[in-house]
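Peer 1: Predicted model and sequence follow; I will ask about them next.
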Amino acid sequence: MRYARLTPGHGFKPSNSFLYYLQRIIVSPPLRGVCVKLFRQWVRVRQGVNNGRQSALRDQQLAALHAEGYVALGALFSREQCEDIQRYFADKVLTDRHDERTRFTIDAVPDTVRLGEYSLRDIVACPHILALANSETLLSLAERYIGCKPTISQLGVRWSFPKPDGRSDLQTFHRDSEDWRYFKVLVYLTDVGPGEGPHVYVRGTHRTRAPLRLHLQSDAEIDGMYGRDMLITAMGERGFGFAVDTAGVHKGAAPSAGRRLMLQIQYSLFRSYAYLYQPEPYHGALPLDRYINRLIVA
Ligand SMILES: O=C(O)CCC(=O)C(=O)O
């Protein structure tokens with residue numbers, strides 16, 4: 001998904017930026033916890049509560065996500081579904097994440113591009129994606145982790161391409177600051193081993209205090225601060241998915257051998273005030289919850 005970042009001169013809205021910086025400046029975990037409790041109660045009163053079907057597996061997943069900030073969810077798509085998705089995107093236009101003027105298709109990737117993203121319009125019309133994002137399994141995990149009916153606040157499909165040197169910001173350790181409480185479900189649409197840029201997460205860092213000024217950190221700094229044993233490297237075949245609270249320290253490693261295609265679904269308490277949203281028309285047959293999908297589909 002391409003969202004307009006809230007920066008002066010690019011759809012800058014003072015009300016949005018106030019709410020964005022308000023959630024950024026409260027970095028104390030206990031104080032954030034109090035705010036989350038209040039806010040989710042407000043959403044519960046307005047939107048009701050649906051805890052979904054309970055199961056021992058879901059309880060374990062939820063406990064792991066709370067404790068570690070990461071939990072493997074297994075195969076969320078079959079191989080056939082991943083092929084359907086790749087076939088659908090074969091002729092769709094990608095945009096360079098770092099230069100919006102550079103547009104291309106997957107069979108003609110310019111040498112300069114590290115990360116290429118599909119448009120929200122194309123993602124919304126893609127087979128299987130909205131069905132997964134709105135599946136009972138993921139929505140109930142989201143509702144229980146966030147504590148109220150969630151909002152899908154990002155939906156993205158991104159290629160990462162191997163490059164001989166350098167890396168993008170997303171390929172360097174960082175923390176996100178999207179909302180008061182949120183997490184992402186990342187699903188590999190190609191097989192991902194050590195050379196295809198696996199996601200790397202520093203266990204438990206979602207529970208630690210984020211610095212007021214967010215910054216990138218080198219691999220050596222992270223090794224020194226946490227030690228290698230704290231790194232979780234998510235590798236798996238196409239279809240493999242995991243949930244990750246990206247308020248913790250993470251990166252998508254820069255691929256060295258092969259390209260990686262990944263779906264990203266973000267569930268949050270509110271909208272992310274870092275973005276201006278432009279929901280897209282949806283012509284499919286799924287009975288989508290309007291509140292959950294309001295930022296994605298018109
Ligand atoms: O590509 C990845 O594995 C990580 C993406 C990421 O860092 C982010 O969405 O903030």
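Peer 2: Received it, and whenever you're ready, just let me know what you need.
Peer 1: from here on, contacts and neighbour counts on C-alpha atoms
Peer 2: Will do.
Peer 1: what's around the residue in the stretch 51-200 of the chain positioned nearest to the ligand, how many residues?
Peer 2: In the stretch 51-200 of the chain, the residue that lies nearest the ligand is residue 199 (3.8 Å; Cα to the nearest ligand atom). Residues lying near residue 199 (other Cα atoms under 10 Å) number 21.
Peer 1: Who does it form a beta bridge with?
Peer 2: residue 234, residue 252 (DSSP bridges).
Peer 1: so where is this structure shaky, pLDDT-wise?
Peer 2: 1-15, 51-52 (pLDDT under 70).
Peer 1: which residues of the stretch 51-200 of the chain fall in strands?
Peer 2: 70-75, 94-96, 99-104, 115-118, 151-160, 182-188, 199-202 (DSSP state E, counting those that start in this stretch).
Peer 1: Going by residue numbers, what spans are helices in the stretch 1-150 of the chain?
Peer 2: With DSSP state H, counting those that start in this stretch, the ranges of helices along the stretch 1-150 of the chain come out as 14-25, 29-47, 56-68, 79-89, 120-124, 129-133, 136-146.
Peer 1: what about residue 294, distance to residue 67?
Peer 2: To residue 67, residue 294 is 30 Å away according to Cα to Cα, to the nearest Å.
Peer 1: which one of those two has more residues nearby?
Peer 2: When residue 294 and residue 67 are compared for neighbours, residue 294 comes out ahead with 18 against 15, by other Cα under 10 Å.
Peer 1: got the phi/psi numbers for the more buried one?
Peer 2: phi -60, psi -20 (degrees, to the nearest 10).
Peer 1: Residue 279 is in contact with that one, correct?
Peer 2: Yes: using Cα atoms under 8 Å, residue 294 is in contact with residue 279, at 7.1 Å.
Peer 1: before we move on, the earlier item: who touches the residue of the stretch 51-200 of the chain closest to the ligand in this structure?
Peer 2: When contacts are counted by Cα atoms under 8 Å, 6 or more residues apart in numbering, residue 199 touches 233-235, 250-253.
Peer 1: change it to 7 Å
Peer 2: 233-234, 251-253 (Cα atoms under 7 Å, 6 or more residues apart in numbering).
Peer 1: same check, this time on residue 121
Peer 2: Here residue 121 is in contact with residue 280 (Cα under 7 Å, 6+ apart).
Peer 1: Distance check, it against residue 132.
Peer 2: In terms of Cα to Cα, residue 121 sits 17 Å off from residue 132.
Peer 1: got it, and residue 67?
Peer 2: 24 Å.
Peer 1: Burial check on whatever residue of the chain ends up closest to the ligand, number of neighbours?
Peer 2: Per Cα to the nearest ligand atom, residue 252 is where the chain lies closest to the ligand, at 3.2 Å. By other Cα under 10 Å, 22 other residues sit near residue 252.
Peer 1: So it is in contact with residue 201, correct?
Peer 2: No: Residue 252 is not in contact with residue 201 according to Cα atoms under 7 Å; the separation is 8.7 Å.
Peer 1: Show me which residues of the stretch 151-298 of the chain sit near the ligand.
Peer 2: With Cα under 6 Å from any ligand atom as the criterion, the stretch 151-298 of the chain meets the ligand at residues 170, 176, 199, 251-252.
Peer 1: Go again with 5 Å.
Peer 2: Residues of the stretch 151-298 of the chain that fall close to the ligand, judged by Cα under 5 Å from any ligand atom: 170, 199, 251-252.
Peer 1: which among the residues you listed gets closest to residue 34?
Peer 2: residue 251 (28.2 Å; Cα to Cα).
Peer 1: Relative to residue 172, how far out is the closest one?
Peer 2: 5 Å.
Peer 1: OK, contacts around residue 94?
Peer 2: Here residue 94 is in contact with 103-105, 116-118 (Cα under 7 Å, 6+ apart).
Peer 1: I'm done for today, thanks for sticking with me.
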